[in-house]
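>>> how does the following fold in three dimensions:
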Amino acid sequence: MTVYYRPLAQIGASRPAGAQSLAGTWAWFTHAEEITRGKPSRIIPVDAIPSAPLARLTAPRADIVGLSFDRPRIMGILNLTPDSFSDGGLFTDPEAALAQCEKMVAEGADILDLGGESTRPGAVEVPIDEEIARTAPVIESLRKNGFTCPISIDTRKASVARAALVAGADLVNDVSAFHFDAEMQSMAAGAGAPVCLMHAQGLPENMQDNPDYSDVILDVYDSLETSVALSEAAGISRARILVDPGIGFGKSDAHNMALINGISLFHGLGCPILLGASRKSTLGRVGGVEAAHERGPASAAIGLFALGQGIQMLRVHDTEVHRQMIALWRAARDGAVK
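Got it, this is the predicted structure:
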């Protein structure tokens, strides 16, 4: 029977002897929640965790696309779509797209995530040629204009990802964790590209119809563990993989909040963790904010919680809001201004 270990993350300089670093980040832990399906969980000291899972929890993560994970990283979202849930149609013009990229980097984005297909609940699939036409020319234009910031392509399709990598993208962000397109895994492996594997239950067309889990945190963990193992077997090393629990992708509000509450469990996968909760409808319902573009503070609140759990990267729309949040969080955490 599988035993899971969720580190009880803490931050700050008052770190007791024997505390272990959490994934090489700013967070540390002295105890963990030991979880077994069908049994009550229990809190155990760090020295009671077996060596193999402890090594996964504590080992510093390798740099990806030149980014280290010893400090929080911001992934700025650029939706090159007419129908994304919060900013659809705003950046379909090439000049507007380029201006937004420059703005996000100036505001503190460490990497940009460009997508040409909305995967909001109820969205329908975009033809491959259309998705390529929306994304590859923008990436190529950015590179021709001397844009050096790492770029991620947000797509489920191998042909779209391949075109983006040729145009100058650095990372493949697949919300289906390679389950949508059978060619995606081999394409990414052959290209040597780092990847982000996200958990989703169902397709955008139907994923919110009736999401159901035995235990959402453990079910999502097991699914991502399988996806990571399959990617390793295909030739994508764990050092090139980020994982994302997939907030809002086939989850109820209760599922989403449970995942965020227990998100430190995912450090056990041995990969950097990306959290993409920005402006999502679950934040609007829980926080009482109807308009998606007004959910920047709600997004930052969830991001602040995640940083306390050692989560390494936040995927966000409101880069300036999150830059401010991280700057103040670091200053308060350290009790100093750097």
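
>>> could you check how far the closest residue to residue 162 other than its chain neighbours is from residue 63?
Leaving aside its sequence neighbours, residue 162 sits nearest to residue 187 (C-beta to C-beta, 6 or more residues apart in numbering; 5.7 Å). For glycine as for every other residue, the C-beta is placed from the backbone atoms N, C-alpha and C. Distance check for residue 187 against residue 63: by C-beta to C-beta, to the nearest Å, it reads 23 Å.

>>> ok, these two, which is more surrounded?
Applying other C-beta atoms under 10 Å to residue 187 and residue 63 shows that residue 187 carries more neighbours, namely 19 against 13.

>>> residue 155 versus the more buried one, what's the distance?
For residue 187, the distance to residue 155 equals 11 Å [C-beta to C-beta].

>>> between the two, which contacts overlap?
Applying C-beta atoms under 8 Å, 6 or more residues apart in numbering, one finds that residue 187 and residue 155 are jointly contacted by residue 161.

>>> ok, the residue nearest to residue 162 touching residue 164?
No. Shown here, residue 187 and residue 164 do not form a contact pair, counting by C-beta atoms under 8 Å, at 11.0 Å.

>>> point out where the chain drops to low pLDDT.
Along the chain, the model assigns pLDDT under 70 to residues 83-92, 207.

>>> please identify the helix or strand for the most centrally placed residue in it.
In the chain, the residue lying closest to the centroid (C-alpha atoms, centre = their mean) is residue 274, at 2.4 Å. Assessed by DSSP states H and E, residue 274 sits inside strand 274-275.

>>> please name every helix or strand in contact with that strand.
strand 241-244, helix 296-308, strand 313-316 (3 or more C-beta pairs under 8 Å, 6 or more residues apart in numbering; DSSP states H and E).

>>> quick one: the strands in the stretch 51-200 of the chain?
For the stretch 51-200 of the chain, the strands defined by DSSP state E, counting those that start in this stretch cover 73-79, 111-115, 151-154, 171-174, 195-198.

>>> ok so, going back, show me what the residue nearest to the centre of the chain is bridged to.
The partner list for residue 274 in beta bridges (DSSP bridges) reads residue 313.

>>> that one against residue 243, yeah?
Yes. Counting by C-beta under 8 Å, residue 274 does reach residue 243; the two are 7.1 Å apart.

>>> what do the two both touch?
When C-beta under 8 Å, 6+ apart defines a contact, the residues bordering residue 274 and residue 243 alike are 196, 198.

>>> against residue 248, how distant is the spatially closest residue to residue 266 that is not a sequence neighbour?
Distance criterion C-beta to C-beta, 6+ apart; nearest residue to residue 266, sequence neighbours excluded, is residue 273 at 5.2 Å. Residue 273 sits 16 Å away from residue 248, going by C-beta to C-beta.

>>> can you check residue 4 too?
23 Å.

>>> with residue 328 instead?
Per C-beta to C-beta, residue 328 is found 27 Å from residue 248.
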